[in-house]
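Engineer: Any chance you can model this:
(one chain, ligands or ions: 1)
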Amino acid sequence: MANIIDGKVISKQIKDELKEQVACLNRDGKEVCLAVIQVGNDPASTVYVGNKKKACEYIGIKSLAYELPEKTTEAELIELIEKLNKDDNVHGILVQLPVPKHINEETIINAISPSKDVDGFHPSSVGALSIGKKGFVSCTPAGIIQLLKRSGIEISGKECVVVGRSNIVGKPMAMLLLRENGTVTVCHSKTKDLKEVCKRADILVVAIGRPKMIDASYVKEGATVIDVGIHRNENGKLCGDVDYESVEPVAGAITPVPGGVGPMTIAMLMNNCVEAVL
Ligand code: NDP
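Structural biologist: The predicted model follows:
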């Protein structure tokens, strides 16, 4: 039976630590402020934005909500971002993705000042991560490193396999594992013998976006399995990219879905907001 890595408990620990840090900052007369911009009213985005606001409230971070209509132009959005870039009272700026199709996502990410890029998506933040300099780190992979460390799972010297090479999960995940001295392999849709590569992993991070694709036949006995995927079936039940029932008996440790990686993403966003002030 695998140890269950509990993202709810670990994210709560992190949020409680941040709450104390924010209280200290407040005592020194400093307030932490995050600006959250949502364009349009995609229901999933509204839920994510609501969860971010709740986390801000819990920790004591001031959140400014900008709910812009669907028809907002790219120029109008950039104008708002530039105003917030210049506002010394705003420490973090987040544009909830995806933005409507008439707005170029890359242009928007590039418009956010790297010093306020709490999502860690700006090319400067990505570059800083790859050359080992200080900068904001994409929240989901940063959260996975916390899950591993706080569960006492050694990364140094371990075979780490990341399945998925997206800019927001797979690639920064690989860089972070490398920074922690893991031996890292990144797989994608063109990888040959995916099963064999995954079976080498001491730490297997799965971010493919395919429900329950990774079953026990991909997993070495005793491996740590981190499931980034989130899918909702027709009955509203959540599952990940890993077939939990099949893998759990084989793995040494595993993250459940829900309650594994998911809660860590917001906790690390809050962490980045606090770091923006320090
Ligand atoms: P993307 O769709 O951007 O990337 C998926 C990656 O998986 C690509 O690199 C793709 O390869 C690879 N891939 C797809 N099919 C296969 C296959 N059959 N074999 C091997 N590799 C494959 O997804 P994201 O990284 O954005 O997200 C991945 C999952 O994580 C999703 O379910 C998403 O909802 C979830 N997610 C969860 C978060 C959380 O907070 N828990 C945060 C972000 C994402 P190629 O590059 O060759 O196309």
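
Engineer: can you list the residues of the stretch 101-250 of the chain near the ligand?
Structural biologist: Counting by CB under 6 Å from any ligand atom, the residues of the stretch 101-250 of the chain close to the ligand are 140, 163-166, 168-170, 187-191, 194, 207-210, 228-230, 241. Where C-beta positions appear, they are placed from N, C-alpha and C, glycine not excepted.

Engineer: Please spell out the PyMOL selection for the buried subset of those.
Structural biologist: To isolate the buried ones among these in PyMOL, judged by 16 or more other CB atoms under 10 Å, type:
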select buried, resi 140+163+164+165+166+168+169+170+187+191+194+207+208+228+229+230+241
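
Engineer: Quick check: residue 65 is in a helix.
Structural biologist: No: looking at residue 65 with DSSP: H, G, I helix; E, B strand; the rest coil, it is strand, so not inside a helix.

Engineer: Just give me the neighbour total for the spatially closest residue to it that is not a sequence neighbour.
Structural biologist: Nearest non-adjacent residue to residue 65, counting by CB to CB, 6 or more residues apart in numbering: residue 36, 5.6 Å away. Neighbourhood size, residue 36 [other CB atoms under 10 Å]: 22.

Engineer: Tell me how many other residues crowd residue 171.
Structural biologist: Residue 171 is flanked by 19 other residues according to other CB under 10 Å.

Engineer: Going by neighbour count, list what's buried in whichever helix or strand it is part of.
Structural biologist: Using DSSP states H and E, residue 171 sits in helix 170-179. By 16+ other CB under 10 Å, the buried positions in helix 170-179 come out as 170-178.

Engineer: Could you check how far residue 196 is from residue 269?
Structural biologist: 36 Å (CB to CB, to the nearest Å).

Engineer: And stretch 179-187, how far out from the chain middle?
Structural biologist: How far stretch 179-187 lies from its chain's middle: 18 Å, per CA atoms, centre = their mean, to the nearest Å.

Engineer: Quick check: end-to-end length of that stretch?
Structural biologist: Using CA to CA, to the nearest Å, one end of stretch 179-187 lies 18 Å from the other.

Engineer: which ones are touching residue 250?
Structural biologist: For residue 250, the contact set (CB atoms under 8 Å, 6 or more residues apart in numbering) comprises 2, 216, 219-221, 223.

Engineer: Which of the helices or strands spans the closest residue to the ligand within the stretch 1-150 of the chain?
Structural biologist: Proximity to the ligand, evaluated over the stretch 1-150 of the chain using CB to the nearest ligand atom, is greatest for residue 140 at 4.2 Å. According to DSSP H and E, residue 140 maps onto helix 139-150.

Engineer: can you pull the buried residues of that helix?
Structural biologist: Those would be 139-148, 150, for helix 139-150 by 16+ other CB under 10 Å.

Engineer: Pipe those residues into CSV and attach distance to residue 68 and pLDDT per row.
Structural biologist: Formatted as CSV, the buried residues of helix 139-150 follow (distance: CB to CB, whole Å; pLDDT from 0 to 100):
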residue, distance to residue 68, pLDDT
139, 22, 98
140, 25, 98
141, 28, 98
142, 28, 98
143, 28, 98
144, 31, 98
145, 33, 98
146, 32, 98
147, 34, 98
148, 37, 98
150, 37, 98
